[in-house]
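Colleague: pasting the sequence and the predicted coordinates here, then a few questions.
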Amino acid sequence: MTTVCIVGKEDVDLRFELLSRETARGALATYDLSEPWANSITVETVSLGGAVSLLNDLNWYLVRFAEAAFVKDPSISTEEWLSRTLAERVRDNEIRAAETDESLAIYGVSEGQLVEPMYVTRRDGSVPEYDLRDVEGTVVVRVAAEEFGA
């Protein structure tokens, strides 16, 4: 299964905004929503294509209410997420999955929520340690070149 994660903007109740609108509610109706971090939702889809299609269906709402959208496909990585842009490029065969692991945004997890990302480049196969603040954990997101340091 491929997982989609949508992270809400700081001043927005993402779940409320998505479920209070008929079109977004309809797009999400067949999925079980979970909240891995504060003000975020995840859903399981059948494929990378299904994940990208769902994000495209929700685009109007994502622009207004979301800070970020990630996709985790086990055929690419079981631990790391792809940015929405990178997921689209892999789906469209513009980039091979094996070429997605150099540019990273590492989000800290503090008090159950994602905090500011640190943009890094993978070196010798390892991910640098998050050092922007003390955090309980991290979430690694592979990003496209133009998203690097965004």
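Modeller: Here it is on my side, so go on. Since the structure is predicted, the reported quantities are computational estimates derived from the model, not experimental observations. Numbering: from 1, shown residues only.
Colleague: quick check: beta-bridge partners of the spatially most central residue of the chain?
Modeller: Centroid check for the chain by CA atoms, centre = their mean gives Phe70 as the closest residue, at 1.5 Å. Beta bridges link Phe70 to Cys5, Ser83 when assigned by DSSP bridges.
Colleague: in this structure it contacts Arg84, no?
Modeller: Yes - if you go by CB atoms under 8 Å, Phe70 and Arg84 touch, sitting 7.1 Å apart. All C-beta spots, glycine's among them, are computed from the backbone N, C-alpha and C.
Colleague: what's in contact with stretch 37-50?
Modeller: 1-8, 10, 12-15, 18, 28, 31-36, 51, 54, 71, 73, 75-76, 87, 90-91, 109, 111-114, 139 (CB atoms under 8 Å, 6 or more residues apart in numbering).
Colleague: number of nearby residues for Leu11?
Modeller: For residue 11 the amino acid is Asp, not Leu. 7 (other CB atoms under 10 Å).
Colleague: check the one 5 residues further on too.
Modeller: Under the neighbour criterion other CB under 10 Å, Phe16 is assigned a count of 11.
Colleague: over to Glu35?
Modeller: 13.
Colleague: can you tell me the closest non-neighbouring residue to it?
Modeller: Closest residue to Glu35 apart from its sequence neighbours, by CB to CB, 6 or more residues apart in numbering: Ile41 at 5.9 Å.
Colleague: surely Thr30 forms part of a helix?
Modeller: No - looking at Thr30 with DSSP: H, G, I helix; E, B strand; the rest coil, it is coil, so not inside a helix.
Colleague: so who does it touch?
Modeller: Contacts of Thr30 by CB under 8 Å, 6+ apart: none found.
Colleague: same thing with Arg64?
Modeller: Glu17.
Colleague: in what helix or strand does it lie?
Modeller: For Arg64, the host element (DSSP states H and E) is helix 59-65.
Colleague: please report how far the most far-flung residue of the chain relative to its centre lies from Glu102.
Modeller: Here the chain reaches farthest from its C-alpha mean at Asp124, the gap being 24.3 Å by CA atoms, centre = their mean. Plainly put, Asp124 is 12 Å away from Glu102 if you go by CB to CB, to the nearest Å.
Colleague: just checking, what packs against the helix or strand harbouring Phe16?
Modeller: Secondary structure from DSSP H and E places Phe16 in helix 14-19. In terms of contacts (3 or more CB pairs under 8 Å, 6 or more residues apart in numbering; DSSP states H and E), helix 14-19 is packed against strand 2-8, helix 22-28, strand 40-45, helix 59-65.
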